[in-house]
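S.K.: After the sequence you'll find the predicted model.
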Amino acid sequence: MVQAMGGRMLDTAITDDPAVIAVAVTIFAVFAIMQIADGVQSTMLGALRGMSDTGWPAIVSIIAYWGGGLSGWFGPAGVWVGFAVALFAAGAALTWRFWRKTALRRPASSL
């Protein structure tokens, strides 16, 4: 998949070592998927900060990043997989919190 998106071209521009290229292709694939989760969690974190909700998001971030993000014992790609899982978990938890807080502020429908 990454090779079709130019991953191999990026890798070979950096090095000619086949072992490094093999690891880099895997890392690029994980990193590409991780960008979606990073965008969601960053947006939700900013939205909650704008609503003066900072304590709960800080706790979610600490748990997600220390729990899932520090998985370096799984090798180079494992570090990024752990970080991606942490970002997806934080993004989901922060989105839930945002929906919950904004639902409390919505006026009742007048049907």
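M.R.: Yes, it's here.

S.K.: which residues of the chain score low on pLDDT?
M.R.: The chain contains residues with pLDDT under 70 at 1-8, 10-11, 68-74, 104-111.

S.K.: quick check: longest helix of it.
M.R.: helix 18-50 (DSSP state H).

S.K.: Can you point out the buried residues in that one?
M.R.: Buried residues in helix 18-50, counting neighbours by 16 or more other Cβ atoms under 10 Å, are found at 21, 24-31, 34, 37-38, 40-41, 44-45, 47-48. Backbone N, C-alpha and C define where each C-beta goes, glycine included.

S.K.: Return the distance of it from the chain's centre.
M.R.: Centroid separation for helix 18-50 versus its chain: 5 Å, with Cα atoms, centre = their mean, to the nearest Å.

S.K.: packing partners for that helix?
M.R.: Helix 18-50 is packed against helix 7-14, helix 55-67, helix 75-103, with contacts defined by 3 or more Cβ pairs under 8 Å, 6 or more residues apart in numbering; DSSP states H and E.

S.K.: Quick check: the spatially most central residue of the chain vs Phe28, distance?
M.R.: Centroid-nearest residue in the chain, with Cα atoms, centre = their mean: Leu87, separated by 3.0 Å. Leu87 is 16 Å from Phe28, where distance means Cβ to Cβ, to the nearest Å.
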